[in-house]
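Undergrad: Sharing a sequence plus its predicted fold:
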Amino acid sequence: MAPHAAVQAIIDLSAGAIGGAACVFSGQPLDTAKVKMQTFPTLYRGFIHCITTTYKQQVIRFTAGLHRDAVLSDMQKACAGSVASVFSSLVLCPTELVKCRLQAMYEMEASGKIARSQNSVWSVVKSIMKNEGPQGFFQGLTTTIAREVPGYFCFFGAYELCRSAFADYMKCGKDDIGVAPIVFSGGFGGACLWLVVYPMDCVKSRIQVMSMTGKQGGFFKTFMTIARTEGIRALYSGLTPTMVRTFPANGALFLGYEVSRKVMMKQFDS
């Protein structure tokens, strides 16, 4: 017997939280490298140099999320994920703002753009409240939404289509394709997301970090400034660690989600 709708919602939310935590722990170091390279594209010689330098600085921080409805078609799930991302952006923008500032704190201090300060979540939150007010937490919100809407359409669409392809090839249900196909499907979805929206993510990171120094331009102004002064290539700074991260991180996300959801659903099927 299928569980009550409220119980089903709790199961999906719990499974999403487990998957999100798995994504964070497996991919966060590479996300840190991505933000640093996006914000300071000329400071590092490449992805390996950024990773080794960051390791020496001992700076690591966190973020992630997920949504899914099992009764929808693959295309409907892609659209649902895209629409849901508008609302998740309202939560994601402030948390990513704090995350990005923490990740780039060392470089901002070393370059003299900001004074030395305590490097903690609470210190960044207090600084934003003091200098920018509550609205300061939503620096880059428009860019976040512009990234999330097409990005999550590609993310969930590619994931579900890839799972369907595996299920057709293996002649089984999508929930029975096994660990490796789930991990690959999650990584494939993540790769599609980043290939489509990476320049927007780069602009978002730049807006959120550079707004520490004062008023920062919006999406279009920041995009054009980067393109004119640093070249189009700068919009793809940090793409290497992002693509390296996407398979283990998003593979872990969906594996954690699918496995935990299946375990919880079995409690109601028995």
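TA: Yep, it's here. Residues are numbered from 1 along each chain as shown.
Undergrad: give me the number of residues near Thr143?
TA: When neighbours are counted by other CB atoms under 10 Å, Thr143 registers 26. To be clear about C-beta, it is placed using only N, CA and C from the backbone, and glycine gets the same treatment.
Undergrad: Need the nearest residue in space to it, chain neighbours excluded.
TA: Lys204 (4.1 Å; CB to CB, 6 or more residues apart in numbering).
Undergrad: helix/strand/coil for the one you found?
TA: Put simply, Lys204 is helix when judged by DSSP: H, G, I helix; E, B strand; the rest coil.
Undergrad: can you give me the helices in this protein?
TA: Per DSSP state H, the chain carries helices over the ranges 5-39, 47-57, 74-103, 105-110, 121-131, 141-170, 179-210, 219-229, 239-269.
Undergrad: Low-confidence stretches in the stretch 101-250 of the chain?
TA: 117-118, 214-216 (pLDDT under 70).
Undergrad: change it to 80
TA: 105-120, 211-217 (pLDDT under 80).
Undergrad: Does Met243 touch Ala191 like I think?
TA: Yes: using CB atoms under 8 Å, Met243 makes contact with Ala191 at a distance of 6.3 Å.
Undergrad: What's the separation between the closest residue in space to Thr142 that isn't next to it in sequence and Gln135?
TA: Closest residue in space to Thr142, ignoring its immediate chain neighbours: Phe219 at 5.6 Å, by CB to CB, 6+ apart. Look at Phe219 and Gln135: by CB to CB, to the nearest Å, they are 16 Å apart.
Undergrad: higher neighbour count, the two?
TA: Phe219 (19 against 9).
Undergrad: and the more buried one, what is it in contact with?
TA: Phe219 sits next to Thr142, Thr143, Ala146, Met200, Val203, Lys204, Ile207 when contact means CB atoms under 8 Å, 6 or more residues apart in numbering.
Undergrad: That one and Ile145: what is the separation?
TA: With CB to CB as the criterion, Phe219 and Ile145 are 10 Å apart.
Undergrad: cool, Val244 as well?
TA: From Val244 to Ile145 the distance is 27 Å (CB to CB).
Undergrad: Mind checking which of those two has more residues around it?
TA: Taking neighbours as other CB under 10 Å, Val244 and Ile145 compare with Ile145 leading, 20 against 16.
Undergrad: shouldn't the more buried one be in contact with Ser88?
TA: No: counting by CB under 8 Å, Ile145 sits too far from Ser88 to count as a contact (9.7 Å).
Undergrad: before we move on, back to that, pick the most deeply packed of the helices of the chain.
TA: Neighbour counts (mean count of other CB atoms under 10 Å) averaged over each of those peak at helix 179-210, with a mean of 22.
Undergrad: Contacts only, for Thr246.
TA: Taking CB under 8 Å, 6+ apart as the test, what Thr246 contacts is Gly27, Gly187, Gly190, Ala191, Leu193, Trp194.
Undergrad: which one is it nearest to, not counting chain neighbours?
TA: Gly190 is the one closest to Thr246 (CB to CB, 6+ apart), at 3.6 Å.
Undergrad: Next up, the contacts around the one you found.
TA: Per CB under 8 Å, 6+ apart, neighbours of Gly190: Phe155, Thr246, Phe247, Ala249, Asn250.
Undergrad: which one among the residues you listed gets closest to Leu161?
TA: Nearest to Leu161 among the contacts of Gly190: Phe155, at 11.2 Å, using CB to CB.
Undergrad: My read is that the closest one contacts Gly81, right?
TA: Yes: with contact defined as CB under 8 Å, Phe155 counts as touching Gly81 (6.5 Å).
Undergrad: distance of Leu141 from Gly157?
TA: 24 Å.
Undergrad: Also Phe138?
TA: From Phe138 to Gly157 the distance is 28 Å (CB to CB).
Undergrad: do the same with Val244
TA: Relative to Gly157, and taking CB to CB, Val244 is found at 22 Å.
Undergrad: same check, this time on Val196
TA: 11 Å.
Undergrad: for Thr222, same thing?
TA: From Thr222 to Gly157 the distance is 28 Å (CB to CB).
Undergrad: and if you look at Ile207?
TA: Taken as CB to CB, the span from Ile207 to Gly157 is 27 Å.
Undergrad: same check, this time on Leu193
TA: 10 Å.
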